[in-house]
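Turn this into a model:
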Amino acid sequence: MGWTVEPEVPETLLHYSEDPSITLFTPHVPSTNPTTRPAVWTIDPPRAPLYWFPRHCPRVTIWANTSQQLEQLQTLMQTTAWRVQVAPIEWAERIRCCGLYEYRFDPSAFEPWPEAEGQWIATTPQTPISVVAVGDLMGRQASAGVELRLVDDLASIRKVVLDSNLPFSIVRHQSDRRPA
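Below you'll find the predicted structure:
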């Protein structure tokens, strides 16, 4: 799903990694999307919760950008949250123990990637401004008003999300993925 709102240049862009030692990000083609041009990939702060997971963790996320969407989301998902993130229950311990780091970038060299809301790309190497440990991923999601659900069957929630017409993200949705 592409952007459902007009992109606004944020004060900072973010990248998440379990490696705290990256000093230079060079453009690359993601193995999960081999038809895209090489880029350095970042996310804007409002959509950063999409990446508060271990790298290979399958997940489905649905959120609201408007009050009308929020009402629909809350009814559909039986929640009061503005964002619901769902991951397989077998990933619970890995999520709890993940050492994740947040890299911050100056947005001036980046442009919105039209294929996914919140994604920004640069085609030249980028040096991060800073890197900090994220800490407790489950606690961070709760503090941000994100509802995290751990389920046995990610496929059924994926169908609900795809049928909803709400903004969403589906990452590594293969049901055969297990924690490393």
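
In which helix or strand does residue 16 reside?
strand 13-17 (DSSP states H and E).

next one: the helix or strand just after that strand to chain centre, how far?
The helix or strand immediately downstream of strand 13-17 is strand 40-43, counting by DSSP H and E. Its chain's average C-alpha position is 11 Å from that of strand 40-43, according to C-alpha atoms, centre = their mean, to the nearest Å.

again with stretch 115-122
The answer for stretch 115-122 is 11 Å, by C-alpha atoms, centre = their mean.

how about it as PDB, C-alpha atoms only?
C-alpha atoms of stretch 115-122 as PDB (Å, rounded to 0.1, in the frame of the first residue of the first chain):
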ATOM      1  CA  GLU A 115       5.300   2.400  -2.500                       C
ATOM      2  CA  ALA A 116       4.900   2.500   1.300                       C
ATOM      3  CA  GLU A 117       3.600   5.100   3.700                       C
ATOM      4  CA  GLY A 118       6.300   6.500   6.000                       C
ATOM      5  CA  GLN A 119       9.200   5.100   4.000                       C
ATOM      6  CA  TRP A 120      11.900   7.500   2.900                       C
ATOM      7  CA  ILE A 121      14.900   6.700   0.700                       C
ATOM      8  CA  ALA A 122      18.200   8.200  -0.300                       C
END
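
Got the phi and psi for the residue nearest to the spatial centre of the chain?
Geometric centre of the chain, nearest residue: residue 50, 1.9 Å, by C-alpha atoms, centre = their mean. As for residue 50, its main-chain torsions (degrees, to the nearest 10) stand at phi -60, psi -30.

Sheet partners, orientation included, of the lowest-mean-pLDDT helix or strand in the chain?
Sorting the helices and strands of the chain by mean pLDDT, DSSP states H and E puts strand 168-171 at the bottom, at a mean of 89. Applying DSSP bridges, strand 168-171 is found paired with strand 59-63 (antiparallel).

so after the strand it pairs with, what's the next helix or strand?
Following strand 59-63 toward the C-terminus (DSSP H and E): helix 67-77.

which element follows that next one toward the C-terminus?
strand 83-88.

Restrict that following strand to CA atoms and write it as CSV.
Provided in CSV are the C-alpha atoms of strand 83-88 (Å, rounded to 0.1, in the frame of the first residue of the first chain):
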residue,chain,number,x,y,z
ARG,A,83,-2.4,1.3,15.8
VAL,A,84,-2.5,-2.5,16.2
GLN,A,85,0.5,-4.6,15.6
VAL,A,86,0.2,-8.4,15.4
ALA,A,87,3.1,-10.9,15.6
PRO,A,88,3.2,-14.7,16.0
